[in-house]
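**Student:** Sharing a model that was predicted from the sequence below.
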Amino acid sequence: MTALTLSTSAAPGLRADAIVIGVAKGTKGPVVAPGAEAVDKAYDGKLAGVLETLGAAGAEGELTKLPAPAGFKAPIVVAVGLGAEPDAKSEDDTYGAEALRKAAGVAARALAGSKKAAFALPVDGPGALGAISEGILLGAYSFDVYKENGNGGKAKNGKAPLAEAALLGGKPRDAAHKGAVARAVAVTEELNRARDLINTPPNDLTPAIFAGIAQTAAKEHGIKVQVLDDKALAKGGYGGILGVGAGSSAAPRLVKLTYTHPKAEKHLAFVGKGITYDSGGISLKPAGHNETMKCDMSGAAAVFAAVVAAARLGLEVNVTGWLALAENMPSGSAVRPGDVLRMYSGKTVEVLNTDAEGRLVLADALWAASQENPDAIVDVATLTGAMMLALGSRTFGVMANDDAFRSVVHEAADEVGEPAWPMPLPEHLRKGMESQVADLANMGERMGGGLVAGLFLREFVGEGITWAHLDIAGPAFNEGGPFGYTPKGGTGSAVRTLVRLAELTAAGDLG
Ligand code: BES
Ligand code: ZN
Ligand code: ZN
């Protein structure tokens with residue numbers, strides 16, 4: 001990952017490959033954002049005009065390169081768009097964290113192959129430094145291990161990520177400044193590891209391999225880890241996880257990660273859908289719908305990353321992570337449409353569509369999580385195509401059995417820059433899941449399919465436990481081009497929301 005340093009140096013004297021500055025959209029054209037005063041001065045105060053001539057408007061995602069002024073040690077200036085200039089007259093007169101994150105991400109990605117860049121973006125405190133750090137570390141991400149000669153991110157076909165970034169305006173001796181950067185490093189390192197797991201092809205990431213990676217990382221960070229293999233799952237009666245994994249030669253696993261803090265007063269449980277590949281099973285997905293289904297373990301990857309990040313940050317909260325890992329494949333031993341599974345909770349489920357497998361593995365993990373009676377459970381899953389149809393590919397849906405908690409989750413997501421939207425759990429959709437032979441079926445009405453899946457999960461949450469469900473089917477995997485600090489492929493969706501929830505819980509702000 002890119003090495004970050006805080007620097008009080010002035011831009012002109014800095015030895016770097018580029019100086020990154022911000023340009024915002026003013027009412028009368030582009031304006032140079034604070035932090036770039038020295039650069040503007042060297043352009044005789046005419047930098048905004050130069051940028052406008054070059055076609056810059058200050059829009060989000062925009063990037064303009066220009067030669068550095070004479071006397072600068074760095075050869076080029078990279079101006080990145082920050083969107084609308086904040087209104088100096090309003091209370092909210094600073095650049096927002098998400099605008100800084102995106103701009104820093106765009107610059108870091110464009111600077112791949114460079115050794116060092118100095119970031120002279122608007123910094124008014126630790127919050128801004130944290131956001132810029134996150135943007136750089138997330139934007140510089142690349143996944144090259146499978147490229148020819150790919151090692152250590154130095155792929156033959158691609159450029160190595162930006163090696164070093166100096167953050168101007170940051171004070172190296174200021175505890176709050178250092179703390180903000182350290183938090184960003186811990187969270188984004190784990191988030192980028194989640195992206196690696198999502199991008200890893202399914203022949204190299206079976207449930208057993210994923211469980212092994214979780215075990216190693218957990219031990220490294222003082223997290224207790226327990227892995228139930230197929231034998232232990234059978235003994236324990238985990239019919240949902242076993243049923244989904246029955247068709248694959250790679251057996252399922254349930255991983256439990258336990259992070260505890262001696263002063264913790266609250267306990268959060270995170271549950272992740274970890275289908276290492278979703279072929280649909282006997283209800284096989286058609287070509288065109290299965291090429292990206294290695295991403296179906298993104299929920300488990302997010303939970304894994306969030307628990308390790310919470311441990312690295314030493315948050316005063318107990319966090320348990322449950323990774324429900326299985327591969328959904330068709331074969332002679334696979335679960336069939338019409339089979340009835342006896343779930344860990346004791347309920348029976350008629351499997352009408354083997355492609356609705358996520359809710360089956362989650363049901364067992366939610367019930368297992370419920371047995372510890374945590375203060376709240378949050379599950380994360382690439383659960384339904386329907387949620388993607390509803391909210392598009394950048395926003396995840398938030399459902400909950402408690403309106404106040406759904407708002408807490410939504411606000412946490414907002415705060416960290418993850419687009420999310422509240423979705424209802426309409427009671428009338430429950431009857432569509434009634435089964436002739438079992439307690440319920442794993443499918444209901446097609447319309448509102450994302451909400452039906454949420455209602456199914458609710459059946460497996462212990463009585464009286466606060467629960468929220470994040471359906472990240474849309475934002476988990478970016479099939480389009482990179483944007484902001486989001487790369488193509490695995491995005492690490494929901495990691496930052498979960499970490500924020502753990503922080504809020506530790507601070508006693510869960511509501
Ligand atoms: N993993 C898919 C959902 C999905 C679709 C995730 C697209 C990411 C992108 C899930 O297991 C699935 O196949 N769901 C079915 C449920 C249906 C059979 C009730 C769906 O959404 O079509
Ligand atoms: Zn499926
Ligand atoms: Zn799936």
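**Tutor:** Everything's here; your move. Residues are numbered from 1 along each chain as shown. Ligands and ions are numbered 1, 2, ... in the order given.
**Student:** residues in contact with A269?
**Tutor:** 319-322, 369, 372, 374, 376-378 (C-beta atoms under 8 Å, 6 or more residues apart in numbering). (Each C-beta comes from the backbone N, C-alpha and C, glycine too.)
**Student:** separation between it and ligand 3?
**Tutor:** Between A269 and ligand 3 the computed distance is 21 Å (C-beta to the ion, to the nearest Å).
**Student:** Can you list phi and psi of that residue for me?
**Tutor:** When read as degrees, to the nearest 10, the backbone of A269 gives phi -120, psi 130.
**Student:** before we move on, back to that, Throw the contacts of A269 into CSV and include pLDDT, distance to ligand 2 and secondary structure, thanks.
**Tutor:** Compiled in CSV, these are given as follows (pLDDT from 0 to 100; distance: C-beta to the ion, whole Å; DSSP: H, G, I helix; E, B strand; the rest coil):
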residue, pLDDT, distance to ligand 2, secondary structure
V319, 98, 28, strand
T320, 98, 26, strand
G321, 99, 22, strand
W322, 99, 19, strand
A369, 99, 22, helix
E372, 98, 28, coil
P374, 98, 27, coil
A376, 98, 27, strand
I377, 98, 22, strand
V378, 99, 21, strand
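**Student:** Compile these into CSV and extend it with columns for neighbour count and distance to N203.
**Tutor:** Listed next are the contacts of A269 as CSV, based on neighbours: other C-beta atoms under 10 Å; distance: C-beta to C-beta, whole Å:
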residue, neighbour count, distance to N203
V319, 31, 31
T320, 23, 30
G321, 30, 25
W322, 24, 25
A369, 27, 30
E372, 15, 35
P374, 21, 35
A376, 22, 36
I377, 27, 32
V378, 28, 30
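**Student:** Which single one of those is nearest to P86?
**Tutor:** Ranking these by separation from P86, with C-beta to C-beta as the measure, puts V378 on top at 32.5 Å.
**Student:** Quick one: residues contacting that closest one.
**Tutor:** When contacts are counted by C-beta under 8 Å, 6+ apart, V378 is found next to 268-271, 409, 467-470, 498, 501.
**Student:** Mind picking the one among those that's closest to A214?
**Tutor:** Each of those was scored against A214 by C-beta to C-beta, and F270 proved nearest at 12.8 Å.
**Student:** Can you name the residues that contact P419?
**Tutor:** Applying C-beta under 8 Å, 6+ apart, one finds that P419 lies in contact with 394-396, 413, 475.
**Student:** Okay, and which of these map to strands?
**Tutor:** Secondary structure assignment (DSSP state E) places F396 from these within strands.
**Student:** Out of the contacts of P419, which end up buried?
**Tutor:** With neighbours counted using 16 or more other C-beta atoms under 10 Å, those contain these buried positions: 395-396, 413, 475.
**Student:** just to revisit the earlier point, quick one: the contacts of A269 as JSON lines, columns for distance to D230 too.
**Tutor:** Formatted as JSON lines, the entries for the contacts of A269 read as follows, by distance: C-beta to C-beta, whole Å:
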{"residue": "V319", "distance to D230": "26"}
{"residue": "T320", "distance to D230": "22"}
{"residue": "G321", "distance to D230": "20"}
{"residue": "W322", "distance to D230": "17"}
{"residue": "A369", "distance to D230": "20"}
{"residue": "E372", "distance to D230": "23"}
{"residue": "P374", "distance to D230": "26"}
{"residue": "A376", "distance to D230": "30"}
{"residue": "I377", "distance to D230": "25"}
{"residue": "V378", "distance to D230": "27"}
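**Student:** ok, which of those also contact ligand 3?
**Tutor:** With the criterion set as C-beta under 5 Å from the ion, no member of the contacts of A269 is near ligand 3.
**Student:** Distance to ligand 1 and pLDDT added to the contacts of V378, as JSON lines?
**Tutor:** As requested, these are arranged in JSON lines below (distance: C-beta to the nearest ligand atom, whole Å; pLDDT from 0 to 100):
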{"residue": "L268", "distance to ligand 1": "25", "pLDDT": "98"}
{"residue": "A269", "distance to ligand 1": "22", "pLDDT": "98"}
{"residue": "F270", "distance to ligand 1": "19", "pLDDT": "99"}
{"residue": "V271", "distance to ligand 1": "16", "pLDDT": "99"}
{"residue": "V409", "distance to ligand 1": "20", "pLDDT": "98"}
{"residue": "W467", "distance to ligand 1": "20", "pLDDT": "99"}
{"residue": "A468", "distance to ligand 1": "19", "pLDDT": "99"}
{"residue": "H469", "distance to ligand 1": "14", "pLDDT": "99"}
{"residue": "L470", "distance to ligand 1": "13", "pLDDT": "99"}
{"residue": "L498", "distance to ligand 1": "19", "pLDDT": "99"}
{"residue": "L501", "distance to ligand 1": "23", "pLDDT": "98"}
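**Student:** What pLDDT does the model give the closest residue to R15 other than its chain neighbours?
**Tutor:** Taking C-beta to C-beta, 6 or more residues apart in numbering, and ignoring the residues beside it in sequence, R15 has K73 as its nearest neighbour in space, at 4.7 Å. pLDDT, the model's per-residue confidence, is 95 for K73.
**Student:** isn't K73 right next to A10, touching?
**Tutor:** No - K73 is beyond contact range of A10, at 10.5 Å (criterion: C-beta atoms under 8 Å).
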